Structures are given as structure tokens and as C-alpha cells.
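>>> here you go, sequence then predicted model.
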Amino acid sequence: MSTQDLTFSGRSPTGMPTAPTTGSALAGSDAALLREMFAAAIAAAAPATCLPAFLPPPPKGRTIVLGAGKAGGAMAQAVEQHWPSPLTGLVVTRYGHGAPTRRIEVVEASHPVPDAAGRDAAARILTMAQGLTADDLVLCLISGGGSALLALPAEGITLEDKQQVNKALLKSGATITEMNCVRKHLSAIKGGRLAAACAPAQVITLLISDVPGDDPSVIASGPTVGDPTTCADALAILRKYGIDGPASVIAHLERGHDETPKPGDACFARAETRMIATPNASLEAAAAVARAAGITPLILGDSLEGESREVALVHAGIARHAARHGQPARPPCVLLSGGETTVTVRGKGRGGRNAEFLLALAVALDGHPGISALAGDTDGIDGTEDNAGAVLLPDALARAAAAGVNAKALLANNDGYSFFQAIGDLVVTGPTLTNVNDFRAILIR
């Protein structure tokens, strides 16, 4: 995928003027450059580009393709296009994120709250893993979102129980690592259990990372790798965030009799993971776009976590310092970062963590001249909305005020979507068929 394969909608032009100067022309060129960097970050993680080099040779026996995640359809398609021998399989992805395939079935299900389609697909995947031999190969295609999509509850727990826990965790401000710890221990397939079902076949997992630190045990709750966490850890997380039900979930975790297989377990003797795309590689791709435009890139990190509005305050402070003192980089420069922030939902507004980050950044910068930004989810969906993120230009607060929009009030209501929708600065890509977490770029002139 090239940067030209993505269609962005919004207020900004799609190309850079040949001679940007000041005012709206400069703002337009900066918005276009930010969008170009975002497109490059997404393109670097496109399965068609990054997956083929990691495929193993065909086995003596059968090849089964199993997997889950927002990139699942595109990953399955890439495998089909480059696999020289027979194969079958099933991959589950988010609604609207499918891709046409002939030999690998692609099923769509709900994310971030699981549904019956995900439950049924996970059950079929677990069944397909049964009865394999040492001559067989299982290719597991795992990407972000797979945890909610592989929604097969543990014995004694219902889908409705899992839905209730997922909704509570999503509103609590829990990190992705904490949420996936809980999910593993309420599942019949995650936390290494899929690999255990595949034994003694060879299992090669191709991973697209969407988690801080690229930990395979956290990506989609690690269905094919050992789980170092315990039922007690999961219970402690629920208590930390004041989640005290359903009763079946609490009882299941308190009993602790259904532990996940741990690292070093014999079931992983023939299991291998291969990381095919990471957040840092996407940030490097964006940095290359910046350099080509004469902008100095500074990557702050690919695994930044915390409350979206608090992370925004830190980024605002760094941006103002760079603008005033030329540190940690002298303008023109761009601050790049990735990771997954969280939002503790207190209001009733619309918008995901990227819109929340940008609105908090707007309030903190208070119209600082020469600082623009873009934040977006590389899967194309910020939370549950139709946008990937938004662009923040220096005059955003002034344009919003002219339209009767109160930025601080919307931030208090967790309503970043409405703010950027009102001024026409949402970034809409549609599903990108990949996922390397959030992307943030702050451009300083």
C-alpha cells in the first residue's frame, strides 16, 4: 500500500502548495503534510507489503490458517496470494474490515464489545485446531482487536457476562495490558489455549502489533503464546477499577482452577512468533516523509500510555518548549509518538481516545501559532466512530468559538468528535485493514 491508496476526507487540501507562505495557505500545507505522514504510517503496516517475507515453507502435511484481528482479512488475502500449496482456514475480523478470499474463510464480528458472531467463529477456530499431526502447519494471523473478536467464554461464563465486563473495562480507564489480562482468564481460546489445542502441529504466528512494547502475550490476548499472568492478577484488576460483577466471573477468577498455560509449557515446544509490523516501523515511515519535506522528526516513543488528556498536556508542554527554545528539536520539526492512551468516560459525548487527545491538546495550546497536529487510530476507526482521528490547526479554537462551540465544555463531556466535526477537521479514512495502534504527530514551525 502506498500513501496514495488512502482517501482522506476533511477540511484540508490533499496536496501541498508549491510555495506555502503564511496564514491559511501555510495551515493547509501543514494539514496536508500531517495527513501524508499518517498515510505513510498506515502503509508501512499493510499486510500485502509486510507479510509475504515472513511466510515459512509449506509443511509435509496440511496447512491450516487461523486468526483474528482488525487486519485479519487483509492478512488472509496476503497469505492466499503468496502460498504455493493447498490450504484452508478461518479468520475473524471486525465488521467492515473483511477482504475477498477464496480458500480462507473470513468472518466478521463485533469490536470492541464481543458478539455471538465472534463467539461462534472462535468456537469453529478451536474445533479446526483439533486432531492435527506433527506434519501439519498452523499459520496464526493475529492483529489488534483479536481479543474481542475471539469471544469464546470459559466454562461457566456466558457471552453476556463477557460483554458486561468488556463494557466496564472500556469505560474504566484500564490499560490494554490490564484489559487483556482479564480477557485471557475468561476465555476458552486466548492466553495460549489455541496453541495448546493445535499441538503437536507446528504453529507459526504472524503478528501485527498494536500494543505498547510489542508483547506477543498481550496482542489479541496472546492465543498462541504462554501467559505469565494469573487468575489472581485478573481479579485484582477488576477490583482496582471497582468492577464487582457478574457473579459468575468473580467466582471463576476466585476459584482459579482454569489457569492459562504458562511460558515454557510443553504445548509451546513447536510454537513460534514472527512480528511483521510494529508501531515503531510506522513512526519511522512517517519520519521519512517529514525529512523529505525538510522537517526534522523526533520520535518520542511508540508505547506511550496514560489518560488521553494528560498525555496531551505533556505533548503540549514539549511542543511549546520546542517552539520557544528549539529544544528538544529546532523548528521546523515534528514530534511523533504512538501507543495506546485511555479515556475514563465521565460524559456522554462522542469520540475515541484520539479525538480526546487532540481536543485536550487544543485547550492546552490555546491557539499557539505555528503548532498543528494530527492524531488517529491506524485501523481507521477512533473508538466506535466513523473517523480515524482529526487534524488540529492553530485557529481551531477561534473557528469553533465563531461557530458557537465551547471546547472546554465538550472536553468535559468526552465529546471530541463533535468539536472536530463542527469545524470540518475530522480525518476519515474508512477501515485501513491493518492496526499498529495510535499515531500522533505535532508539527512545529
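Cool, the structure landed. Numbering: from 1, shown residues only.
>>> only C-alpha atoms for contact and neighbour calcs from this point on.
OK.
>>> what about the longest helix in the protein?
Scanning the chain for the helix with the most residues, using DSSP state H, yields helix 23-44.
>>> mind listing what's buried along the very next helix or strand once past that one?
Remark: after helix 23-44, the chain's next helix or strand is helix 47-50, criterion DSSP states H and E. Neighbour-count burial for helix 47-50 flags P47, A48, C50 (criterion: 16 or more other CA atoms under 10 Å).
>>> who are the packing partners of helix 47-50?
helix 72-82 (3 or more CA pairs under 8 Å, 6 or more residues apart in numbering; DSSP states H and E).
>>> and the helix it packs on, what other elements does it pack with?
Checking 3+ CA pairs under 8 Å, 6+ apart, helix 72-82 ends up next to helix 47-50, strand 88-94, strand 104-109, strand 137-143.
>>> what residues does it touch?
With contact meaning CA atoms under 8 Å, 6 or more residues apart in numbering, helix 72-82 is reached by 47-48, 51-52, 55, 65, 91-93, 97-104, 106, 141-143, 433-434.
>>> got the angle between that helix and strand 104-109?
Here helix 72-82 runs at an angle of 170 degrees relative to strand 104-109 (axes from the mean of the first three to the mean of the last three CA atoms, to 10 degrees).
>>> what angle sits between helix 72-82 and strand 88-94?
150 degrees.
>>> so what's the gap between helix 72-82 and the chain middle?
19 Å (CA atoms, centre = their mean, to the nearest Å).
>>> run the angle between that helix and strand 137-143 for me.
Using the same axes, to 10 degrees, helix 72-82 lies at 140 degrees relative to strand 137-143.
>>> mind listing what's buried in helix 72-82?
Neighbour counts using 16+ other CA under 10 Å place G72, G73, A74, M75, A76, Q77, A78, V79, E80 of helix 72-82 among the buried residues.
>>> mind picking the two most distant members of those?
Among the buried residues of helix 72-82, the pair separated by the greatest distance (CA to CA) is G72 and E80, at 12.3 Å.
>>> which parts of the stretch 51-200 of the chain are helices?
Shown for the stretch 51-200 of the chain, the helices assigned by DSSP state H, counting those that start in this stretch span residues 72-82, 116-128, 146-149, 159-172, 176-184, 193-198.
>>> which one of the ones you listed is the most hemmed in?
Greatest average neighbour count among the helices of the stretch 51-200 of the chain goes to helix 146-149 (a mean of 30), per mean count of other CA atoms under 10 Å.
>>> list the contacts of that helix.
Here helix 146-149 makes contact (CA under 8 Å, 6+ apart) with 67-70, 92-94, 109-115, 118-119, 122, 180, 183, 190, 219-221.
>>> go again using 7 Å as the cut-off
Contacts with helix 146-149, where a contact means CA atoms under 7 Å, 6 or more residues apart in numbering, come from 68-70, 92-93, 109-114, 118, 220-221.
>>> ok now that helix, how far from the chain's centre?
Here helix 146-149 is found 12 Å from its chain centre; the criterion is CA atoms, centre = their mean.
>>> now swap in stretch 363-381 and tell me
18 Å.
>>> equivalent analysis for stretch 321-334, please.
Taking CA atoms, centre = their mean, one finds the center of stretch 321-334 at 29 Å from the center of the full chain.
>>> mind listing what's buried along that stretch?
A322, A323, A329, R330, P331, P332, C333, V334.
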